[in-house]
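Chemist: my questions are about this predicted structure, shown below with the sequence.
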Amino acid sequence: MKIVGFDQYENDDIHLFNKTIHQIICQSSSAIIIKTIRFTLKNLSSLILSKSINNMKIIFLVRDPRAVMSSRYKLSWCLHNENCTDSRVLCDRIQANIESLKMIKNSMKNISIILLRYEDLIGDIWKSTNSLFKFLEIVPNPSLDQWIRKHTLANDFLLNPHSTYRNIKSQQTIGWRENLSYEDLLDIQYDCSDVMNELGYRLTNYRSIKSKFQTIFEVVSFDFPLKIYSL
């Protein structure tokens, strides 16, 4: 089977859940990429310790907890899940992943891992993408540039919170400042202050975020304790 690019099966529902096609693609690929969400690096311990894994690369993607919680509050199913709406649970998981990140980076020779902040990714999508492919040691597909433009320069025409279409410019504004109440902001920053400091997310007060700051880059520090683990 010839793999022609990102959009080959994008609009073909017949192939999306075809196990046979997935197996053929995986077995013929030099690299297999798996995306997981709400996952802990600790859950990878059996794979990490496995001698059969010689070239695993992990991208640990993080985002400002205030933005994460703001997004979660918009999801109806999340509102009925106490763990999903608890910023303490979120940041405890992030902290556990940070500790695993340090351990893997310092002691696991068969695993490569890097930290990537969402804000850095959308701040310079082209530079970040090139750095990611170099880290993964993968030659970008010729259709990659077109795919990125298609998915980052247009508005979300699907009107779906899980859509991969996002206008980069709109994502660079502080959307959560309009969605979080004063109490929400205080609670999240209280629960997540240690994590936010390590990742370079500046704590702020409600008055400043409402009147002073306009973009996410104004509440993100580009010199932060965990920068040594990032791209």
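Modeler: Looks like it came in fine. The model shown is predicted, which means the values in this text are computed figures rather than measured ones.

Chemist: following the lowest-mean-pLDDT helix or strand in the chain, which helix or strand comes up?
Modeler: When each helix and strand of the chain is scored by mean pLDDT, DSSP states H and E, helix 13-16 comes last, with a mean of 57. Using DSSP states H and E, the helix or strand that follows helix 13-16 towards the C-terminus is helix 19-27.

Chemist: show the average pLDDT along that following helix.
Modeler: Mean pLDDT, helix 19-27: 83.

Chemist: contacts for the helix or strand hosting H151?
Modeler: Per DSSP H and E: H151 is located in helix 144-152. Applying Cβ atoms under 8 Å, 6 or more residues apart in numbering, the external contacts of helix 144-152 come out as 6-7, 122, 125-126, 129, 164-168. Bear in mind the C-beta positions are built from the backbone N, C-alpha and C, glycine included.

Chemist: got the buried residues for the helix or strand following it?
Modeler: Using DSSP H and E, the helix or strand that directly follows helix 144-152 along the chain is helix 168-171. Using 16 or more other Cβ atoms under 10 Å as the test for burial, helix 168-171 gives 168, 171.

Chemist: how far out from the middle of the chain is helix 168-171?
Modeler: The chain centre lies 16 Å from the centre of helix 168-171; the measure is Cα atoms, centre = their mean, to the nearest Å.

Chemist: ditto for stretch 214-227
Modeler: Per Cα atoms, centre = their mean, the centroid offset for stretch 214-227 relative to its chain is 16 Å.

Chemist: number the chain from 9, please
Modeler: Sure, I'll start counting at 9 from here, so that last one is stretch 222-235.

Chemist: distance to S79 and pLDDT added to the contacts of helix 152-160, as TSV?
Modeler: Below are these laid out as TSV (distance: Cβ to Cβ, whole Å; pLDDT from 0 to 100):
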residue	distance to S79	pLDDT
F14	25	43
D15	27	47
I130	14	90
I133	19	91
W134	25	92
T137	22	94
T172	14	77
Y173	15	78
R174	12	79
N175	16	81
I176	16	81
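
Chemist: tell me the buried residues within these.
Modeler: Looks like these have 130, 133, 176 buried, using 16+ other Cβ under 10 Å.

Chemist: what stretches of the chain score poorly on pLDDT?
Modeler: Counting by pLDDT under 70, the chain has low-confidence residues at 9-24, 53-54, 56, 58-60, 164-170, 218, 220.

Chemist: same thing but 50
Modeler: Applying pLDDT under 50 to the chain flags residues 9-19.

Chemist: let me see the ranges of the strands in it.
Modeler: For the chain, the strands defined by DSSP state E cover 64-70, 119-125.

Chemist: most tightly packed of the ones you listed?
Modeler: Sort the strands of the chain by mean neighbour count, taking mean count of other Cβ atoms under 10 Å, and strand 119-125 sits at the top with a mean of 20.

Chemist: put the alpha carbons of that one into PDB.
Modeler: Extracted in PDB, the C-alpha atoms of strand 119-125 (Å, rounded to 0.1, in the frame of the first residue of the first chain):
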ATOM      1  CA  ILE A 119      14.100   7.000  25.600                       C
ATOM      2  CA  SER A 120      14.200  10.500  24.200                       C
ATOM      3  CA  ILE A 121      11.700  13.000  25.700                       C
ATOM      4  CA  ILE A 122      11.100  16.700  25.300                       C
ATOM      5  CA  LEU A 123       8.700  19.300  26.800                       C
ATOM      6  CA  LEU A 124       6.600  21.400  24.500                       C
ATOM      7  CA  ARG A 125       4.400  24.200  25.700                       C
END
